[in-house]
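In: 3D, please:
(one chain, ligands or ions: 2)
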Amino acid sequence: MDTPVTTLAPIAPADTRHVQILKQLERKLLWLSAWMIHNANHIRPNRDGLKVGGHQASCASVISVMAALYFEIARPQDRIAVKPHAGPVFHAMNYLFGRQTVEKMTGLRALGGVQPYPSRVKDGAEVDFSTGSVGLGVAMTTFSALMADYVRLHGLGRTDLPPGRHIAIAGDAELDEGNIYEALLEGWKHDVRNLWWIVDYNRQSLDSVVPDRLFGRIEGLFRDMGWNCVTIKYGRKLEAAFARDGGEALRRWIDDCPNSLYSALTFQGGAAWRQAVLADLGRSAGVRGIIDPLSDDELGALMTNLGGHDIETVIETLRAAEADGDQPTCFIAYTIKGMGLPFAGHKDNHAGLMTREQMTLFQRQMGIRPGHEWDRFEGLDVPEAELQAFLDACPFAEKLTPQGRALSAPVVAVPAALPLPRLAGRKTSTQAGFGEILAEIGRGQGELKDLAAHIMTTSPDVTVSTNLGPWVNRRGIFDRHTRNDVFRDAKLASAQRWGMSPKGQHIELGIAEQNLFLLLGAAGLAPGMTGARVLPLGTVYDPFVNRGLDALIYACYQDARFILVSTPSGLTLAPEGGQHQSVNTPLIGMAADRLASFEPSHVDELAVLLRHAFDFMQRPDGSSVWLRLSTRGLDQPERTLDGAAVIAGAHWVVPPAAGARIALAYQGPVAPEAVAAFEELATEEKGAGLLAITSPDRLHAGWLAALRARRAGDRAALSHVERILAPLARGAALVTVLDGHPATHAWLGAVRGQRAVPLGPDHFGQSGDIPDLYREYGIDTDAILDACAQALLAG
Ligand SMILES: Cc1ncc(C[n+]2csc(CCOP(=O)(O)OP(=O)(O)O)c2C)c(N)n1
Ligand SMILES: [Mg+2]
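Out: Numbering: from 1, shown residues only. Ligands and ions are numbered 1, 2, ... in the order given. Model (predicted):
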């Protein structure tokens with residue numbers, strides 16, 4: 001094992017009865033977590049022959065850490081991310097607190113049962129953060145800590161509740177994920193407080209045992225980022241042995257023992273330990289004096305007495321850190337994967353399951369009578385009333401509010417319409433329009449005051465280039481500490497005023513896009529976490545949504561509510577070239593659940609959609625909203641819009657005649673090419689229609705919902721897209737165009753059996769100007785007309 005930099009000496013808790021009970025509860029967590037998984041795999045009927053799976057070894061290694069945390073240290077206001085594979089331990093803990101049902105637990109990994117990995121939405125209000133995508137839950141706590149500060153300093157949250165800590169119980173392999181280091185850096189910049197990461201350092205991941213000395217490196221990184229780093233390496237039994245004659249040699253031997261050998265010996269047990277230690281230290285009388293009197297079992301127990309399995313040591317270490325203040329702290333708790341189970345230490349144990357025979361033996365050891373496997377206090381040798389009283393007295397058992405730990409926040413009123421910039425006779429882009437609308441909201445005048453106060457914007461180093469600048473100039477940049485704008489103080493001309501203060505409403509991030517989505521996720525959970533309604537809005541370059549995609553999906557999976565504005569997008573940012581020209585993002589917008597995606601062409605549509613977004617993100621049955629915008633300046637039409645149709649995903653610019661043979665549909669900044677093509681087309685095809693698509697995502701979702709409803713017997717169910725396309729002839733042609741992958745629209749032909757000819761780039765872009773690129777990628781006026789001809793001829 002590698003050598004730790006810091007080891008805190010354990011301090012004995014005074015109340016030994018207390019510790020006895022804790023140890024009984026540890027046993028119970030170990031039993032219930034192993035049994036839940038066993039039940040799912042071996043007891044419950046299996047209809048499809050698939051391995052159900054589960055991670056008994058991952059649960060076992062973190063039992064003492066979780067018992068120490070939840071039964072002793074945690075308070076109900078703390079927000080905790082539990083490592084994915086400790087889900088069953090988490091549910092068992094809640095079961096003991098009376099916050100989880102046996103039905104849910106017997107249903108682990110079955111429909112309606114608890115999820116394999118803690119899920120906010122599916123497992124209920126006790127889950128603070130979903131986990132499952134390794135690394136993200138851990139990093140998320142950084143941003144939830146930042147949000148807690150934001151909410152407090154803006155006076156938005158529940159001032160009657162005590163502030164909580166943000167805690168991640170991490171698997172050690174999570175620290176291999178790059179997003180961890182991005183978050184560490186960002187957390188340092190923002191001086192986050194009240195953040196703990198407790199690493200279950202079992203030195204095993206999925207495939208293998210982790211390399212030695214790795215944590216020496218990692219510890220240094222934490223310290224460089226302003227964290228305190230505390231290693232919980234040895235338990236009290238080993239510390240006592242180390243204090244004896246020969247103990248130092250034994251300590252050195254264990255310190256020097258490679259992780260893989262330590263794991264193998266743990267699996268092999270006492271006799272193997274004896275042989276290995278004596279081979280090296282057999283000539284030391286002191287070492288023999290420690291080892292010889294012990295039975296094999298006792299020796300095995302001594303050699304595996306790591307700090308992370310010694311609940312007293314864990315508690316004392318966490319207590320000491322608590323007393324130390326609010327500095328972010330990483331605890332590296334040495335543990336053994338599978339501790340207490342037959343495959344302890346085996347490198348292949350990650351997804352290993354105990355056999356029926358092993359379980360029978362384990363059940364006997366745990367003192368659980370057959371038929372009493374789910375009894376809360378079965379097999380514990382402390383009277384039930386005393387156990388119950390103990391649980392009731394745990395700080396974590398207190399009710400944060402009468403409703404529990406999940407808070408809520410009132411809805412912020414959104415005016416009937418957002419201020420629309422003067423558009424008549426102007427050429428402008430949706431991105432510029434977005435900047436103007438937000439800047440106007442930023443004035444906070446009249447009915448916009450409340451809305452403005454609740455918006456929090458953020459951007460990963462693209463604040464100015466996504467047109468958030470004017471808003472930021474009005475609302476300021478958030479920082480826990482007031483910092484002046486040096487350029488402004490020196491009277492150097494700049495359009496940007498970057499003063500920072502605790503009242504600022506824009507959180508400027510470094511360029512890491514995953515951090516953007518983790519922050520949007522954390523801010524989007526603020527109502528439930530802090531009781532504050534924050535309306536988070538983040539901007540990013542459209543192609544780099546891909547860089548943060550897992551964190552974006554992670555945020556949506558938790559039902560965090562935010563607005564994402566991605567701009568510029570597509571080939572239309574022409575000279576920037578293929579690396580910056582997004583092709584796939586409209587399809588992501590369609591496929592991402594709990595994310596309503598839109599791409600307006602004109603600013604009047606944008607104003608409708610942005611207003612809708614502020615409203616929709618606050619509705620219980622709403623979702624986050626994604627607006628894909630462009631920098632291409634377009635002539636802005638003067639018209640009266642059908643707002644409901646814009647929100648539903650499409651509106652007729654030129655309605656078709658009944659029975660028309662063709663319609664042309666466009667989305668986003670290709671509108672002028674479509675309009676020009678349409679004007680030509682209309683000279684030949686009198687009844688042709690021109691459709692503006694604002695959201696293929698909403699159209700598609702509505703269509704699927706209507707199909708489902710009709711299958712379920714609601715024959716009147718009709719979607720917006722069906723209604724929109726209804727005037728066209730059955731076999732009509734639909735020529736569609738967008739600056740994005742054409743599959744985005746290709747399905748439209750299936751709605752009413754019409755023939756779609758979808759246009760859009762399906763290859764990487766390249767540098768050029770708009771006329772060249774639109775021609776090259778087949779989305780210019782000529783290409784649209786060719787497609788119309790093809791469609792009509794095929795008819
Ligand atoms: C992003 C991501 N990649 C891969 C996986 C598959 N996976 C699940 S657990 C795991 C290793 C976990 O090891 P560790 O964090 O050390 O957890 P423990 O040892 O406590 O089980 C991997 C690779 C995942 N869940 N998420
Ligand atoms: Mg591990």
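In: To which secondary structure element is the closest residue to ligand 1 within the stretch 401-550 of the chain assigned?
Out: Closest approach between the stretch 401-550 of the chain and ligand 1, counting by CB to the nearest ligand atom: Asp550, at 6.8 Å. C-betas here are computed from N, CA, C, even on glycine. Here Asp550, judged by DSSP states H and E, is contained in helix 549-557.
In: what's the distance between the helix or strand just after that helix and the middle of its chain?
Out: Next in sequence after helix 549-557, counting helices and strands by DSSP H and E, comes strand 563-566. Mean C-alpha position of strand 563-566 versus that of the full chain (CA atoms, centre = their mean, to the nearest Å) differs by 16 Å.
In: Identify the residues contacting the lowest-mean-pLDDT helix or strand in the chain?
Out: One helix or strand of the chain scores below all others by mean pLDDT, DSSP states H and E: helix 486-489, with a mean of 74. With contact meaning CB atoms under 8 Å, 6 or more residues apart in numbering, helix 486-489 is reached by Ser494, Arg497, Trp498, Gly499.
In: got the buried residues for that helix?
Out: Neighbour counts over helix 486-489 (16 or more other CB atoms under 10 Å) mark no residue as buried.
In: Just the buried residues of the top helix by length along the chain, please?
Out: Longest helix of the chain, by residue count under DSSP state H: helix 16-38. Neighbour-count burial for helix 16-38 flags 18-19, 21-38 (criterion: 16+ other CB under 10 Å).
In: Ala344 is in contact with Ala264, correct?
Out: No: in this structure Ala264 lies outside contact range of Ala344 using CB atoms under 8 Å: 11.0 Å.
In: So for the two, which residue has more residues nearby?
Out: The neighbour count for Ala264 versus Ala344, taken as other CB atoms under 10 Å, is higher for Ala344 (21 against 16).
In: residues touching the more buried one, list them.
Out: Ala57, Ala60, Thr266, Phe267, Thr304, Ile336, Lys337, Gly338.
In: from these, which ones fall inside strands?
Out: Assigned to strands by DSSP state E, none of those qualify.
In: So which of those residues would count as near ligand 1 as well?
Out: Here is what survives when the contacts of Ala344 are matched to ligand 1 using CB under 6 Å from any ligand atom: Lys337.
In: Which of the contacts of Ala344 ranks first by neighbour count?
Out: Lys337 (33 neighbours).
In: Next, count neighbours for the residue nearest to it when sequence neighbours are not counted.
Out: Setting aside the residues directly before and after it, Lys337 is nearest to Asn202 in space (CB to CB, 6 or more residues apart in numbering), at 4.0 Å. Close neighbours of Asn202, defined as other CB under 10 Å, add up to 31.
In: again with Arg319
Out: 15.
In: which ones are touching it?
Out: With CB under 8 Å, 6+ apart, Arg319 has these contacts: Ile73.
In: List of residues touching the helix holding Asp550?
Out: Contact with helix 549-557 is made by 119, 121, 130, 133, 136, 140, 179, 513-518, 520-521, 524, 545, 562, 564, 588, 592-595, 623-624, as judged by CB under 8 Å, 6+ apart.
In: Just the strands from the stretch 151-300 of the chain, written as ranges.
Out: Along the stretch 151-300 of the chain, counting by DSSP state E, counting those that start in this stretch, strands occupy 166-171, 195-201, 228-232.
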